[in-house]
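> fold the following for me, if possible:
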Amino acid sequence: MAMLVIVVENAPPRLRGRLAVWLLEVRAGVYVGDYSSRVREMIWQQVREGLEDGNAVLAWPSSAEDSGFRFETLGANRRIPCEMDGVRLVSFCPEAEEGVRGS
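All right, here's what the predicted structure looks like:
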């Protein structure tokens, strides 16, 4: 079991309600919980299917990364994951490039 954090923006109420069933909403759109990787993937799949025009990020601990955690993103956001020297970072795109989808 490991802690996970999901942050959603512009998510439909149905998805927010579903997340609140599994996770604690500590701030508007910020959900935390402690689950196995299997359950984490199931919850993230629910986010994929229900996000619509919103965006989301999932972060969880990982001993394989130098930073001590890993993350995935969904939806359009000016913050785009990138890799530099084997470390996953976040790049901030200018407004002209807004709408680029994360991975």
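> okay, CA-based contacts and neighbour counts for the rest of this
Fine.
> helices or strands up against the helix or strand harbouring residue 42?
Using DSSP states H and E, the secondary-structure element containing residue 42 is helix 37-50. Helices and strands touching helix 37-50, by 3 or more CA pairs under 8 Å, 6 or more residues apart in numbering; DSSP states H and E, are helix 13-22.
> next, the angle from the helix it packs on to helix 37-50.
Inter-element angle recorded for helix 13-22 and helix 37-50: 170 degrees (by axes from the mean of the first three to the mean of the last three CA atoms, to 10 degrees).
> the helix or strand just after helix 13-22 - what's its average pLDDT?
The first helix or strand that comes after helix 13-22 along the chain, using DSSP H and E, is strand 24-27. Strand 24-27 shows a mean pLDDT of 97 in the predicted model.
> check which helices and strands whichever helix or strand comes after strand 24-27 sits against.
Along the chain past strand 24-27, the next helix or strand (assigned with DSSP H and E) turns out to be strand 30-35. Using 3+ CA pairs under 8 Å, 6+ apart as the contact criterion, the elements in contact with strand 30-35 are strand 2-9, helix 13-22, strand 24-27.
> and the closest residue to residue 60 other than its chain neighbours, how many residues sit next to it?
Once flanking residues are discounted, residue 60 sits nearest to residue 4: 4.6 Å by CA to CA, 6 or more residues apart in numbering. The local packing count at residue 4 equals 21, with neighbours defined by other CA atoms under 10 Å.
> again with residue 94
The number of residues packed near residue 94 is 9, by other CA under 10 Å.
> just give the nearest non-adjacent residue to it, would you?
Counting by CA to CA, 6+ apart, residue 94 lies nearest to residue 78, which is 7.2 Å off, once chain neighbours are set aside.
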